[in-house]
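1. sequence first, predicted model second:
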Amino acid sequence: MAASRRFFVLSTIAVVGLLLAVLALARPGGSFRSDDVFLGRSGGGNADNPEAAEQGERAHERAEAFQEAVAAGTAGKPFAVAAAPAAGWAGEQLLDAAADDWEPAIAADPTGPYVYILATRYGTTKPCPGNCPDPWIALERSSDNGVTWTDGVPLCACKGSGQFDPIIEVVPGPGTSAGYVYATYMSGYNVMFVKSTDHGAHWTPPVKVYGNVSWNDKPVLAMSNDGHDVYIPFNGPTGGDPWLAQSHDSGVTWTQTKLVNSDRYYFAFDADVAPDGTVYLGESSLLYGGGGNKGTVPSGTVDEHVFVSTNIGASFTDRLVASVQPGIACTAAGCPPDFYLGHHALTVDAMGRIVFLYDGAATNGGLQTIAAKTSTNGGATWSAAVQLSATGSQATDPAVEATGSGDVRAWYAQTTGGNVDAWNVYYRTSTNGGTTWSTPVVISDATSGAAYKSAAGFLEVYGDYGEIAITSAGKTIAVWGEGTSYTGPGGVWFNRQP
């Protein structure tokens with residue numbers, strides 16, 4: 001799976017919808033993190049938690065920002081997109097000009113020409129009447145490897161609170177499940193699982209994966225090649241403990257396990273299952289003074305882990321891959337200071353080689369870079385770090401995917417020098433399993449099309465994850481978010497190799 005995720009903001013135009021969401025957040029015993037319905041990586045939230053009031057205020061600010069942009073004519077409608085594509089790329093495209101889309105996911109079917117994009121969609125009409133989610137998860141499908149797309153439809157027009165943090169994957173095969181599509185998302189503070197057996201045209205009713213775990217956040221999805229064994233890591237209660245939901249009947253029934261007890265806050269961004277069934281779960285752990293998640297710059301190092309299971313999820317070994325310093329604080333409108341910190345991406349190729357990308361700084365408060373490490377012995381040991389992003393620039397949010405033996409493809413967001421108002425997405429590849437890498441290429445190549453776009457790049461990373469996929473034709477397709485600020489508005493953009 002490609003880079004996996006955090007930080008969504010409740011952005012709703014309807015005042016009633018906003019109030020309902022705030023009330024839902026403040027329910028007794030409720031706890032929340034950045035992605036969930038509001039801003040900042042918060043933890044241990046109860047009805048009397050002052051963070052809830054702050055998050056509600058930030059949510060209101062984002063709703064107002066989108067309304068104001070629509071009224072001013074700078075958002076919510078199509079604009080001409082001019083692009084200068086790099087050699088071998090089709091050119092950057094906006095997923096939906098009318099929506100305020102956030103934190104997308106993408107998956108490609110290795111057995112056929114089907115590609116799927118999910119996005120958390122704000123600023124549009126609810127997909128069903130009454131108690132229907134806002135925001136909601138929009139699904140767009142392509143049956144020609146990303147050349148043309150259907151209009152966005154709800155992944156599940158289910159009754160209930162807002163939907164967030166979508167992840168989508170395709171079962172690669174073998175067997176009759178090859179090409180089946182699996183997806184997970186948040187419904188309020190609950191992780192749900194759905195699947196499709198007809199290329200995303202129809203989906204099963206959502207299945208609850210969280211058991212008795214009182215609240216959940218930020219799911220990641222991976223499965224065995226036959227789709228039988230399914231793994232969804234997520235954040236749980238007690239200040240960000242890492243939990244794992246797993247199913248061994250293709251997502252029908254689920255069990256839950258806490259991976260570790262710690263005073264550090266764990267964020268799952270990626271996971272993969274090797275061809276031999278070994279399970280690899282990426283986790284970034286941060287320490288907020290005294291534990292918990294406070295939406296501040298953490299103290300101490302940011303530690304990057306891979307949890308490894310060789311017995312189909314019965315037990316896991318924690319492998320520490322790297323320790324880095326927390327980088328610069330985010331100062332964009334509405335942005336929690338820890339927004340750029342603690343991301344990773346993980347993939348395993350057909351030979352079982354692991355490639356792990358992560359962001360981090362060499363000194364506390366310094367500019368972050370993207371580094372890659374590899375392992376050929378199941379994560380027991382790791383190579384020296386290879387720096388992918390440019391020194392002197394700020395970089396964050398890596399995504400990675402592998403195919404075959406040693407074919408690795410990645411992207412990351414990077415500024416023009418230290419200018420954090422001029423971001424671009426850079427693409428690099430490796431033919432030897434992550435040991436060496438190609439020259440970086442800019443794939444966020446549109447110079448217009450939104451108020452936040454210019455020839456220099458875009459103003460802010462919108463959401464702290466995007467993804468990358470490899471089509472059945474062997475081509476790369478990538479998706480990410482761009483915005484005016486953390487508050488927005490913004491949109492989901494993608495580019496592909498024709």
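-> Looks like it arrived, so ask away. Residues are numbered from 1 along each chain as shown.
2. correct me if wrong: S448 contacts P78.
-> No: look at S448 against P78 with Cβ atoms under 8 Å: they stay out of range, at 11.5 Å. All C-beta atoms are positioned from the backbone trio N, CA, C, and that covers glycine.
3. shared neighbours, the two?
-> None of the residues lies in contact with both S448 and P78 under the rule Cβ atoms under 8 Å, 6 or more residues apart in numbering.
4. and the residue nearest to C132 when sequence neighbours are not counted, how many residues sit next to it?
-> Nearest non-adjacent residue to C132, counting by Cβ to Cβ, 6 or more residues apart in numbering: K126, 4.4 Å away. Each residue near K126 was counted by other Cβ atoms under 10 Å, and the total is 17.
5. do the same with G334
-> Neighbour count for G334, taken as other Cβ under 10 Å: 20.
6. with N131 instead?
-> Number of residues near N131 (other Cβ under 10 Å) recorded here: 11.
7. in a helix, it, correct?
-> No: remark: N131 does not belong to a helix; assigned using DSSP: H, G, I helix; E, B strand; the rest coil, it is coil.
8. that one contacts A157, doesn't it?
-> No: assessed by Cβ under 8 Å, N131 is found out of contact with A157, at 11.3 Å.
9. circling back: measure the residue nearest to C132 to P135 for me?
-> Noted for K126: a distance of 9 Å to P135, by Cβ to Cβ, to the nearest Å.
10. swap in S214?
-> Between S214 and P135 the computed distance is 23 Å (Cβ to Cβ).
11. ok, those two, which is more surrounded?
-> Set side by side, S214 and P135 show more neighbours around P135, with 27 against 12, by other Cβ under 10 Å.
12. how about the helices in the stretch 251-400 of the chain?
-> Along the stretch 251-400 of the chain, counting by DSSP state H, counting those that start in this stretch, no stretch forms helices.
13. show me the shaky parts of it.
-> Counting by pLDDT under 70, the stretch 251-400 of the chain shows low-confidence ranges at 290-295.
14. what helices or strands is the host helix or strand of Y231 leaning on?
-> For Y231, the enclosing helix or strand under DSSP states H and E is strand 230-235. If you count contacts as 3 or more Cβ pairs under 8 Å, 6 or more residues apart in numbering; DSSP states H and E, strand 230-235 packs onto strand 190-196, strand 222-223, strand 242-247, strand 265-267, strand 271-273, strand 279-287.
15. export the ones you listed to a markdown table and tack on mean neighbour count?
-> Rendered in a markdown table, the data for the helices and strands packed on strand 230-235 read as follows (neighbours: other Cβ atoms under 10 Å):
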| stretch | mean neighbour count |
| --- | --- |
| strand 190-196 | 23 |
| strand 222-223 | 26 |
| strand 242-247 | 24 |
| strand 265-267 | 28 |
| strand 271-273 | 26 |
| strand 279-287 | 25 |
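16. would you reformat those strands as a markdown table and include distance to V115?
-> Below are these laid out as a markdown table (distance: least, Cβ to Cβ, whole Å):
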| stretch | distance to V115 |
| --- | --- |
| strand 190-196 | 14 |
| strand 222-223 | 18 |
| strand 242-247 | 25 |
| strand 265-267 | 27 |
| strand 271-273 | 19 |
| strand 279-287 | 23 |
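17. which one of those lies nearest to G490?
-> Evaluated over the helices and strands packed on strand 230-235, closeness to G490 peaks at strand 265-267, with 21.2 Å, by Cβ to Cβ.
18. quick check: beta-bridge partners of the residue lying closest to G200 once chain neighbours are set aside?
-> Closest residue in space to G200, ignoring its immediate chain neighbours: R141 at 4.9 Å, by Cβ to Cβ, 6+ apart. Assessed by DSSP bridges, R141 has beta-bridge partners Y116.
19. make sure R141 is actually in contact with V115.
-> Yes: taking Cβ under 8 Å as the definition, R141 is a contact partner of V115 at 7.3 Å.
20. between those two, which is the more surrounded one?
-> For R141 versus V115, neighbours defined as other Cβ under 10 Å are more numerous around V115 (28 against 19).
21. for V70, phi and psi?
-> Dihedral angles phi and psi of V70 (degrees, to the nearest 10) take the values phi -60, psi -40.
22. distance of it from L320?
-> Summarising the geometry, the distance separating V70 from L320, computed by Cβ to Cβ, is 47 Å.
23. confirm that T238 sits in a helix.
-> Yes: counting by three-state DSSP, T238 is located in a helix.
24. and the pLDDT at it?
-> T238 is assigned a predicted lDDT (pLDDT) of 74.
25. what's the neighbour count on it?
-> Residues near T238, counting by other Cβ under 10 Å, number 16.
26. could you report the distance from it to V260?
-> From T238 over to V260 the distance is 11 Å, taken as Cβ to Cβ.
27. now D249
-> Taking Cβ to Cβ as the measure, D249 and V260 are separated by 26 Å.
28. who has more neighbours, the two?
-> It is V260, of D249 and V260, that has more neighbours when counted by other Cβ under 10 Å, with 15 against 10.
29. pull the contacting residues for that one.
-> With contacts defined as Cβ under 8 Å, 6+ apart, the neighbours of V260 are D241, P242, Y266, D318.
30. swap in D96?
-> D96 makes contact with A119, R121, A138, E140, G152, G491, V492, according to Cβ under 8 Å, 6+ apart.
31. count the neighbours of the closest residue to A329 other than its chain neighbours for me.
-> Of all residues not flanking A329 in the chain, P337 sits nearest, at 3.6 Å (Cβ to Cβ, 6+ apart). By the criterion of other Cβ under 10 Å, P337 has 18 neighbours.
32. quick check: phi and psi at P337.
-> Dihedral pair for P337: phi -60, psi -20, per degrees, to the nearest 10.
33. which sections of the stretch 1-150 of the chain are below the confidence cut-off?
-> Judged by pLDDT under 70, the stretch 1-150 of the chain has its weakly predicted residues at 1-60, 62.
34. need the helices for it, in chain order.
-> If DSSP H, counting those that start in this stretch is used as the criterion, the helices of the stretch 1-150 of the chain fall at 15-25, 50-72.
35. all strands for the stretch 351-498 of the chain, in order.
-> Applying DSSP state E, counting those that start in this stretch to the stretch 351-498 of the chain gives strands spanning 354-361, 368-375, 386-387, 395-403, 407-416, 419-430, 441-442, 453-454, 457-458, 460-461, 467-470, 476-483, 490-496.
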